[in-house]
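1. Fold the following, please.
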Amino acid sequence: MKYRFPLALVLISVLVLTSLAQTPAPQSQQDEEVVRITTKLVQVDAVVTDKNGKLVRDLKPEEVQIFEDGRPQKITNFSFYLAEREAPAEPARPLPVDKTAVAAPPVRLRPDQVRRTIALVVDDLGLSFESTHYVRRALKKFVDEQMQAGDLVAIIRTAGGMGALQQFTSDRRQLYAAIERVKWYPNGRSGIGVFAPIRNDGPFTEQIGAPNSDTRGEYKEDLDEFREDLFSVGTLGALNYVVKGLKDLPGRKSILLISDGLSLFSRNDPTRTSDRVVTAVKGLVEQANRASVVIYTMQATGLQTLGLTAEDSVGDMSRDEITENIDRRRSDFNEMQNGLNYLANETGGIAIRNTNDLSGGVKRVLEDQKGYYLIGYRPDEATFDGRGRRQFHKLSLKILRPGKFHIRMRNGFLGVPESEAVAANQTPAQKLIGALTSPFGSAGVRLRLTSLYANDAKQGPIMRSLLHVNASDLTFTDEPDGWHKAVFDVMAVTFGDNGVVVDQNNHSHQMRVRSPEYEKMLQRGFVYFVTVPIKKPGGYQFRTAVRDSASSRVGSASQYVEVPDMKKNRLNLSGILITAAGPAEANKAASPVNASANSANNGRELAEADPASTAAVRQFRRGLALAYGFFVYNAHLNRTTLRPELITQIRVFRDGKLVFTGKENQFDSRDQPDLKRLTVGGALQLGTAMEPGEYVLQVIVTDNLAQPKYRTAVQWIDFEIVK
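-> Below is the predicted model:
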C-alpha cells in the first residue's frame, strides 16, 4: 500500500542562516564519562604532567584540591580515563602488503569502541595559499600514519558552512575526500602569502563616492579590518557548529583549529579590541567549556621572516616608512597568535605556533589525548543563581603531592543554568534545522537511511535515498470511523563537496491510516523516497530530519555518497540495494536503485515498509536469503563479440574481519538491454548460526578488457542480522 501526498518545494536558505540550534543526540553508552556543567554537578577534565612532561596517572582524590573563585570545593567525582590503548612493548613486524589486493571496507565504530573524538577544523577562511599546501600534507600524514583504531574523526572546513560538517567517521576514504576539498579560499582574510608585500601603492584612484586624498589610507584600513573581522566571525561560527554537536559524543572530545591566525585587537588601534570578534570568541569559549570540548590551535604559518623580503618594494620609501612597515608586520604577526592562544588557554588546550613541522604539531595534540582526570563537585545555589547579572566562575586545581606538576584545564565557566544556556527551539522550522545542521544524528524519531548512487539512462547521475521512519515514534490521533492521523514534517538537504546546497525541500505531511493497516504501520514503519539529480561528480552528503508535530520529537540522519565521473569511461558501480527475497527475485533487486523520479511528486513518495525485508532498514533474520543488486557502468566490450568480460565476486565482513568469500563468477551479459549499464543481481543465504550484529557486504567487479590500473571496481553496504 502506498500513501501519496501533494508536495511543494520550499526553500530554506533564509531559515538555515538564522538558526544555529542544536537538537540533543541520544545518550551514549559512555554517558557517565561525558563531562558537563549543570546546576547539580560541575565536572571538569584536567591533564596533569610532571616536570618532565610525562602524564601523571596515579593521583588519588585526597591529593587533589579544586577551587571555584578561590574557595575549595568538596570533590564528589574523581576518576582517571585512559583514552589511548597501551602500545605493545615490542612492536610487531609489519606484514607484507599486497598493493594489488582489494581493500576491506571500513569498520563503523560502536560507541563503546570510541577512544578519541577529534575534529580537525581547517580555517580555509584564514589560510594563505602557501599555508594551504602544508596543511594538506599534514592532514594526509595524520590519516596515513597517526590515526589509530578507535579514533572518530572529522575534517571540517570553515568556508564550507554547515555543508562541510561531515559525519564523524573512521572511514579513511571519506577523510581523504575531505582533504581533497581543502583548497585556498581567495575571498578569505589571507592572501597568497602570510603577509602582503610592502610597497608604495601610489595615488588613490578618484571615483564617485570615494574619500578624498586625506582620508584614503584610513578608509582602506577600516575596510580591510571590517572584512577581516567578518571572516573571523565566520570561522568562530563554524567552530560553534562543531562544539554543539560534540557535546553528546562519547570519548575524549577535542578540536584542532588549524589557521594562519585570529586577531582580537583592532589593527588600527592596538589598545582597542574588535568587538565583533571578541564577542564571538567569548561565546565559543563558553560553549566549549559547557560541552567539555578542548580546543587546540595550530598556527599554519610556520616560522616567518618578519623583516624585509625579496617581494617587498621599498625603493620609494624613507627609512622611517620602512621601519614603520616592518614594525607593523611584526605587530600583526604577534596579534594573529593572540586569538589562537586565547582559545586554547581558556578551554584547556595547547596553542602550537612558530614551527614548520605541522605534522609534529598534530602528533603533539594526539599525545595530549592519552589520559585525563574527571573531577566533579556539587556547586552551591549561588553558582547558578539566574537572578541578576551572570557571573563568571574561576576554576583552579592544586596538586597536594610533593613535586612540580603542570596542570591544564579550562579556566572557568559562566554561571548560567543549563535550561537557560541551552534553550529549546520554539518553532518547528528551527527544530528541524537544528537537527539538520548538526554533524551528528538525533533519535527523537528513529530513522534509518540508505542513499545510493545510480546513473539513469535519461536523467544521468542521481542519488536515490530511502528513509525508513519508525511510525511508533509519531503521535497518532484517533478520528471517526476508525481512522488515525499523524502530522509530521520532513526536511532534506543535499550538499555538494564544497558545502553548497544542490537540492533542498521541506514538506509537511498528514498521514491518515485505518485499522488494521494502522497496527501494521506502527510495527513496520514506512519508507520515504527522495530522488535527487546530480550534475557533477564528487562527494555528496544527503541530510534529512523528521519532526513529529504533536510531540516536537525530531530525528535526523545523514549519509555520504561518492559520485564517479562517468566521462572518464572507467569501470564504475552503482550503490548496492539489498532486500530479503528468494533467489528468483535477485536479478530484480537493482531496479529500484535506478528508478526515475516521478514527475508528479518530484521523486518523493511514502510507502509502507516491512522491516524484515525492506532495503531501507537493512535488517535481516538468520536463515533468510539476502538478495543484492547493483549496476556496472562503462564495462569495455570485446571487439569481436561486442560483449563485456566481467568477473564478479562478493565478500562479507564483520568488525573488519573477513567471514565469507564467494566464488568468482563469469558475468552473463545476455538479455542486457544497455551494455553501458549492466544489471547485476545475486543472492546470499544467511546461515542460521550467524551471530546477530553488524556486517558488511562487499561486491568486487573485474573487467578483463580494461587497463590493469582501472580493471577493478568495488562497492559495499552494511547490514544487520537480528534474531
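
2. contacting residues around the nearest residue to Gly460 once chain neighbours are set aside?
-> Closest residue to Gly460 apart from its sequence neighbours, by Cβ to Cβ, 6 or more residues apart in numbering: Pro533 at 7.0 Å. C-beta: built from backbone N, CA, C; applies to glycine. Neighbour list for Pro533: Gln459, Gly460, Pro461, Ile462, Asp503, Ala597 [criterion: Cβ atoms under 8 Å, 6 or more residues apart in numbering].

3. Please apply the same query to Val102.
-> Gln698, Ile700, Thr712, Val714.

4. Quick check: closest non-adjacent residue to Glu691.
-> In space, and not counting its chain neighbours, Glu691 is closest to Ile721: 7.4 Å by Cβ to Cβ, 6+ apart.

5. hey, what's the residue nearest to Gly460 bridged with?
-> Taking DSSP bridges as the rule, Pro533 bridges to Ile462.

6. Check Phe392 too.
-> With DSSP bridges as the rule, Phe392 is bridged to Leu414.

7. still on that earlier bit, could you check the pLDDT of the residue nearest to Gly460?
-> At Pro533, the predicted lDDT confidence score is 89.

8. Against Ala616, how distant is it?
-> Pro533 sits 21 Å away from Ala616, taking Cβ to Cβ, to the nearest Å as the criterion.

9. Which residue ranges of the stretch 501-650 of the chain form helices?
-> Taking DSSP state H, counting those that start in this stretch as the test, the helices found in the stretch 501-650 of the chain are 517-524.

10. Break down it into its strands, ranges please.
-> Assigned by DSSP state E, counting those that start in this stretch, the stretch 501-650 of the chain shows strands spanning 501-514, 526-533, 538-548, 554-563, 572-573, 577-580, 604-608, 619-621, 625-633, 646-654.

11. least reliable of the ones you listed going by mean pLDDT?
-> strand 604-608 (a mean of 52).

12. Quick one: neighbours of the residue nearest to Leu82 when sequence neighbours are not counted, just the number.
-> With sequence-adjacent residues excluded and distances taken as Cβ to Cβ, 6+ apart, Leu82 is closest to Gly371, at 4.8 Å. Using other Cβ atoms under 10 Å, Gly371 has 16 other residues around it.

13. Then Pro564?
-> Neighbours of Pro564 (other Cβ under 10 Å): 19.

14. looking at the protein, which helix or strand does the model trust least?
-> helix 13-17 (a mean of 22; mean pLDDT, DSSP states H and E).

15. Pull out the buried residues from the helix or strand that that helix is followed by.
-> Later in the chain than helix 13-17, the nearest helix or strand by DSSP states H and E is strand 42-50. Neighbour counts using 16 or more other Cβ atoms under 10 Å place Val42, Gln43, Val44, Asp45, Ala46, Val47, Val48 of strand 42-50 among the buried residues.

16. Could I get the full set of helices for the stretch 301-450 of the chain?
-> Using DSSP H, counting those that start in this stretch, helices in the stretch 301-450 of the chain cover 319-347, 358-367, 418-421, 428-437.

17. okay, those helices in JSON lines with distance to Met566 next?
-> Below are these laid out as JSON lines (distance: least, Cβ to Cβ, whole Å):
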{"stretch": "helix 319-347", "distance to Met566": "44"}
{"stretch": "helix 358-367", "distance to Met566": "36"}
{"stretch": "helix 418-421", "distance to Met566": "49"}
{"stretch": "helix 428-437", "distance to Met566": "30"}
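
18. Cheers, nothing more for now.
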